[in-house]
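>>> Sequence unavailable; structure follows:
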Ligand code: HXC
């Protein structure tokens, strides 16, 4: 399917989905969000895709929700349409791993979109921020909740209250991104990580996502019980036998997602 606001390439089981509204630093408008939700839904059912990389341009992952599109909306408008809520639910429902590869600005909804992915690899040019306060609004697709869980209350509160940006080095130090790479190598590094994941059993990667994400939703004892039960359940799979037999036989495992 062809999209106007996205470029999609699929190679070796890895889809690279590139936000493509260069004239507005990839600001998230209704069309882009709808195309992105549709695209990620189609990646879920595409057998050629095992991992998706979500990225933007060298200058911007995404500079936030499209301000020109939002400016004249009323309370009733945003409440009734529940702005971007259906699209973000769709992104969060994805069971295949999604890596955010962020260069340049990831601001407002752009930062929130990156945080919805399973992990973030940042270029050394990346800048993260929640500058909604400068517009007289607050984050609306997860920023007050997710940024706080990633970097802790003090830093999240400061970012939301002042609107200041965090550079890549600070983002890594504070746990927002998994690592920082030179901008020129961003896609290469994200692709290498994606390919590593693509070699694993798809069953196991789905379970990893469910179990790690559960840690944000539940108590420690409930989360540990959930982990224990999915750990047990994986012994019912052929891939567990294959993984362990391959280790014992000193060969590479050939997972079959069964
Ligand atoms: C619409 C945007 C935009 C945005 C940039 N542009 N960000 N258009 N919405 N969020 C447009 C500019 O108007 C400009 O268009 C072009 O992109 C280039 O941007 P410049 O400002 O000229 O670039 P620069 O000087 O390099 O500054 C980059 C920047 C700045 C620091 C990222 O653009 C900026 O502050 N943008 C807004 C960031 C922001 O406030 N994000 C939060 C949005 S609210 P023209 O036509 O003039 O060339 C949000 C809420 C989410 O995200 C919740 C939703 C439910």
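Received the coordinates, thanks. Please read all numbers here as calculations on a predicted model, not as lab measurements.
>>> and the most centrally placed residue in the chain, what is it in contact with?
Compute the mean C-alpha point of the chain, and by CA atoms, centre = their mean the closest residue is residue 117, 1.2 Å away. Residue 117 sits next to 54, 98-100 when contact means CB atoms under 8 Å, 6 or more residues apart in numbering. (Glycine included, C-beta is placed from N, CA and C.)
>>> Just the closest residue of the stretch 101-250 of the chain to the ligand, please.
residue 108 (2.5 Å; CB to the nearest ligand atom).
>>> Quick check: that residue vs residue 202, distance?
Using CB to CB, to the nearest Å, residue 108 is found at 33 Å from residue 202.
>>> Of the two, give the one with the bigger neighbour count.
A count of neighbours by other CB atoms under 10 Å puts residue 108 above the other of residue 108 and residue 202, at 28 against 20.
>>> Quick check: phi and psi on residue 8?
phi -130, psi 130 (degrees, to the nearest 10).
>>> who's it bridged to?
Beta-bridge pairing for residue 8 (DSSP bridges): residue 17.
>>> I'd like to know how many residues surround it.
Other residues within reach of residue 8 by the criterion other CB under 10 Å amount to 18.
>>> quick one: it from residue 15, how far?
Taking CB to CB, one finds residue 8 at 6 Å from residue 15.
>>> All the strands of the chain, residue numbers only.
Taking DSSP state E, the strands of the chain run over residues 6-11, 14-19, 51-55, 60-62, 98-102, 105-107, 119-123, 127-129, 165-167, 179-181.
>>> who does residue 101 bridge with?
residue 55, residue 121.
>>> wait, what's in contact with it?
Going by CB under 8 Å, 6+ apart, residue 101 touches 53-55, 61, 120-121, 123, 186-187, 189-190.
>>> Those residues into TSV, with extra columns for pLDDT and neighbour count?
Below are the contacts of residue 101 laid out as TSV (pLDDT from 0 to 100; neighbours: other CB atoms under 10 Å):
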residue	pLDDT	neighbour count
53	98	23
54	98	27
55	98	24
61	98	29
120	98	27
121	99	28
123	99	24
186	98	23
187	98	19
189	98	18
190	98	25
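>>> quick one: which of these is nearest residue 228?
residue 120 (28.6 Å; CB to CB).
>>> I figured that closest one was touching residue 176, is that so?
Yes. The criterion here is CB atoms under 8 Å, and residue 120 meets it with residue 176 at 6.7 Å.
>>> follow-up on the earlier one: now flag whichever of the contacts of residue 101 is closest to residue 33.
residue 54 (12.6 Å).
>>> Please tell me how far that closest one sits from the ligand.
16 Å (CB to the nearest ligand atom, to the nearest Å).
>>> got a list of what that residue touches?
17, 19, 98-101, 113-114, 117.
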